[in-house]
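Asks: Based on what follows, work out the 3D shape:
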Amino acid sequence: MLELSILGFLYETPLHGYELRKRITALTGHVRPVGESTLYPAIKRLEKAGLLVRETRPGPAAAPRQVLTLTPAGRDELRHRLADAEGPDVTDENRWFTLLAFLRHLDDPTAQATVLRRRLTFLEEPASFFYAGEHPLRAEELDDPFRRGILTIARATTRTELTWLRTTLTDLENHLVP
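Replies: Take a look at the predicted model:
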């Protein structure tokens, strides 16, 4: 997801490493803080793969900055990763939110809808954080107020997301989403 975030933010505009780190941290920092020891090796991997380039530009003060720019191959890679998202990319909430932050860069409404349908299918399956054998437990079946709280909050969030997904899918099918 770090590489997806790098590609996604650079798709929008060239950035220097510090600004890129700030944007990624704002998106995912509450879940996975991004340190320099994680970010810069990922940048180097993407650069080595030909997905981004660095160039030295004058900084606002005296020091020059290394600005990162996505290459055409990097733009293609981002679109490919978005279109092919499945499994944990659509089932893990944190990964899903990262993916969703950049889904607009997938220009084809049909491809966008395909990704949203994968999430919709996942959310429509009966599931729980807690089970009695194979039976997914509902909030009303739990005595523990804290676990009941988890399920109550998750149910409300899921209902809201399902409503949004269905509305957005309808809009995409009618080509109302740019």
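
Asks: where along this structure do the helices fall?
Replies: Applying DSSP state H to the chain gives helices spanning 2-12, 17-28, 36-48, 72-83, 88-91, 93-102, 109-124, 145-173.

Asks: So what touches the third one?
Replies: The one in question is helix 36-48. Outside of helix 36-48, the residues within contact range by C-beta atoms under 8 Å, 6 or more residues apart in numbering are 2-3, 6-7, 17, 20-21, 24, 52-54, 68, 74. For the C-beta atoms, the positions are set from N, CA and C on the backbone; glycine is no exception.

Asks: Now do that helix against helix 72-83, angle only.
Replies: 110 degrees (axes from the mean of the first three to the mean of the last three C-alpha atoms, to 10 degrees).

Asks: now the angle from helix 36-48 to helix 2-12?
Replies: Between the axes of helix 36-48 and helix 2-12, defined by the same axes, to 10 degrees, the angle is 60 degrees.

Asks: same question, the last one
Replies: Taking the same axes, to 10 degrees, one finds helix 145-173 and helix 2-12 inclined to each other by 40 degrees.

Asks: packing partners for helix 145-173?
Replies: Applying 3 or more C-beta pairs under 8 Å, 6 or more residues apart in numbering; DSSP states H and E, we find helix 145-173 packed against helix 109-124.

Asks: got a list of what the spatially most central residue of the chain touches?
Replies: When C-alpha atoms, centre = their mean is applied to the chain, the residue found nearest the centroid is residue 98 (1.4 Å). Shown in contact with residue 98 (C-beta under 8 Å, 6+ apart): 1, 4-5, 8, 27-28.

Asks: Now residue 137: closest residue in space that isn't a chain neighbour?
Replies: Leaving aside its chain neighbours, residue 137 sits nearest to residue 130 (4.6 Å; criterion: C-beta to C-beta, 6 or more residues apart in numbering).

Asks: burial measure for residue 91, as a count.
Replies: For residue 91, the neighbour count with other C-beta atoms under 10 Å is 16.

Asks: And the one 4 residues further on, by the same measure?
Replies: The number of residues packed around residue 95, counting by other C-beta under 10 Å, is 18.

Asks: Buried ones in stretch 1-9, by neighbour count?
Replies: 1-9 (16 or more other C-beta atoms under 10 Å).
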